[in-house]
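>>> Model the following, please.
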Amino acid sequence: MDWAGYRFVDYISRIIMMNTVYLLLGTNLGDREINLTMARGHLGEKVGTILQSSGIYETAAWGKEDQPDFLNQVVMLETHLDPLSLMDTLLWIEGALGRTRKVKWGERIIDLDILFYDDVVVNTEKLTIPHPGIPERRFTLLPLQEIAPQLLHPVLHKTIEQLLASCPDQLEVWPYVNVVK
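All right, here's what the predicted structure looks like:
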């Protein structure tokens, strides 16, 4: 097979094997807006094409409350990476942007969580998809609902809109507005 023929076959197989992924981006250290911008840049280079991005939302810290407020955003991407390769790539991006893991739910320059990977369900020691915290976290559900209100949770069989309506989390989440200082 000649090189041009090989490239065409490779192109077709990549189209066939593209997967839709929803990721949550979060940051509460440093210049939070730049952290999100840098993360989206790395995602576009290393993971795949960003198809949609929610607005940016701000919220007080969840889980460990004695830390700065978070900015969060959900992105929808197409990727050819399998779930474990995706997770490894996200961990690499976090490290490249300066993330160090010290305390569970602690301060972080960037956090990249896989929320959904097509309608795939993964339950391993290393990875759980869909992300188990989705139904209990307004800071995840609000930006997700903005871009995918009718997305069906493959385990709970509820839409994002339904999950948000029944979410027990009362933590305030508000659209982020950059105030020039």
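>>> so which strand or helix has the residue positioned nearest the centre of the chain?
By CA atoms, centre = their mean, the chain has its centre lying nearest to Leu23, at 1.6 Å. Assigned by DSSP states H and E, Leu23 belongs to strand 19-27.
>>> Just give me the neighbour total for the closest residue to Asn35 other than its chain neighbours.
Among residues not flanking Asn35 along the chain, Thr27 sits closest, at 4.0 Å (CB to CB, 6 or more residues apart in numbering). Every C-beta, even on glycine, is put in place using the N, C-alpha and C of the backbone. Other residues within reach of Thr27, judged by other CB atoms under 10 Å, total 27.
>>> list the contacts for Thr27?
Asn35, Leu36, Ala39, Phe70, Leu71, Arg108, Ile109, Ile110, Asp111 (CB atoms under 8 Å, 6 or more residues apart in numbering).
>>> do Trp62 as well
Phe70, Trp105, Arg137, Phe139, Asp169, Leu171.
>>> Produce a ChimeraX select command limited to the buried residues of these.
To isolate the buried members of the contacts of Trp62 in ChimeraX, using 16 or more other CB atoms under 10 Å:
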select :70,137,139,169
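>>> And the contacts of Trp62, which is the shakiest by pLDDT?
pLDDT across these is at its lowest for Trp105, which sits at 60.
>>> This protein: strands as residue ranges?
According to DSSP state E, the chain carries its strands in the segments 19-27, 48-53, 57-59, 70-79, 111-117, 122-123, 128-129, 173-175.
>>> ok now the fourth one, how far from the chain's centre?
Read it as strand 70-79. 4 Å (CA atoms, centre = their mean, to the nearest Å).
>>> Now do it against strand 48-53, angle only.
130 degrees (axes from the mean of the first three to the mean of the last three CA atoms, to 10 degrees).
>>> before we move on, back to that, quick one: which of the strands of the chain is nearest Pro143?
Proximity to Pro143 (CB to CB) singles out strand 70-79 among the strands of the chain, at 4.0 Å.
>>> quick one: the closest one to strand 19-27, angle?
Angle, strand 70-79 to strand 19-27, by the same axes, to 10 degrees: 160 degrees.
>>> what pairs with strand 70-79, and is each one parallel or antiparallel?
strand 19-27 (antiparallel), strand 48-53 (antiparallel), strand 57-59 (antiparallel) (DSSP bridges).
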